[in-house]
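# could you look at this predicted model? Sequence included:
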Amino acid sequence: MYLSSLLLDASTVVNGANASSGSTSGGGMNPIMMILFYCIVIFAVFYFFSIKPQRKKDKEQQDMRNAIKVGDSVLLSTGFYGKVVDITAECYIIEFGTNKGIRIPVVKQSVYAVKEPNLTNKVEEEPEPEKKSLLGGLFKKDKSSSETETK
């Protein structure tokens, strides 16, 4: 009952003085429709900035896990490196250590990447990913032309 009286009050505020004279204004929008419209817009923005990229990342991870074969070195989400020696329906049998005697079944979802361990003292420098602009590179300068301008 309270909600219906609130909606009636809101509609008279939106329509204003025209509501008392009996004519309706064609330019105003129902407040419920405005709220519904805003909810749809917020959900769409949330979907395109949060849900869709996460699904894409999950699909890439699943494709990587499906491409793993026997003999690949893998990095687990716990930070352990190992070599896949057998594949079952639910898990990988991974060999840990250098003595080749430790074989542990690991759930497929715990594999983070296919990667060899760095056993040297040299630090690996990861390549810096290329930054993409919002406009798709319309205003992108060539590096060679900017270098010649500075010299």
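Received, thanks.

# which stretches of this structure have low pLDDT?
Applying pLDDT under 70 to the chain flags the ranges 1-27, 133-151.

# for it, what spans make up the strands?
73-76, 81-87, 91-96, 102-107, 111-114 (DSSP state E).

# can you give the strand pairings for the first one, parallel or anti for each?
Spelled out, it's strand 73-76. Here strand 73-76 is paired, per DSSP bridges, with strand 81-87 (antiparallel), strand 111-114 (antiparallel).

# for the fourth one, same thing?
Take DSSP bridges as the rule and strand 102-107 pairs in its sheet with strand 91-96 (antiparallel).

# for the strand it pairs with, buried residues please.
91-96 (16 or more other Cβ atoms under 10 Å). The C-beta positions use only the backbone N, C-alpha and C, and glycine is treated the same way.

# now do stretch 118-132
Neighbour counts over stretch 118-132 (16+ other Cβ under 10 Å) mark no residue as buried.

# please apply the same query to stretch 77-84.
So stretch 77-84, judged by 16+ other Cβ under 10 Å, has buried residues 80-84.

# follow-up on the earlier one: among the strands of the chain, which comes closest to residue 51?
Between residue 51 and the strands of the chain, the shortest gap by Cβ to Cβ is with strand 111-114, which sits at 22.0 Å.

# C-alpha coordinates for that closest one, PDB please?
Coordinates of each C-alpha in strand 111-114 appear next as PDB, following Å, rounded to 0.1, in the frame of the first residue of the first chain:
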ATOM      1  CA  VAL A 111      47.900 -25.800 -13.700                       C
ATOM      2  CA  TYR A 112      48.700 -22.100 -14.200                       C
ATOM      3  CA  ALA A 113      50.900 -22.100 -17.200                       C
ATOM      4  CA  VAL A 114      53.100 -24.200 -19.500                       C
END
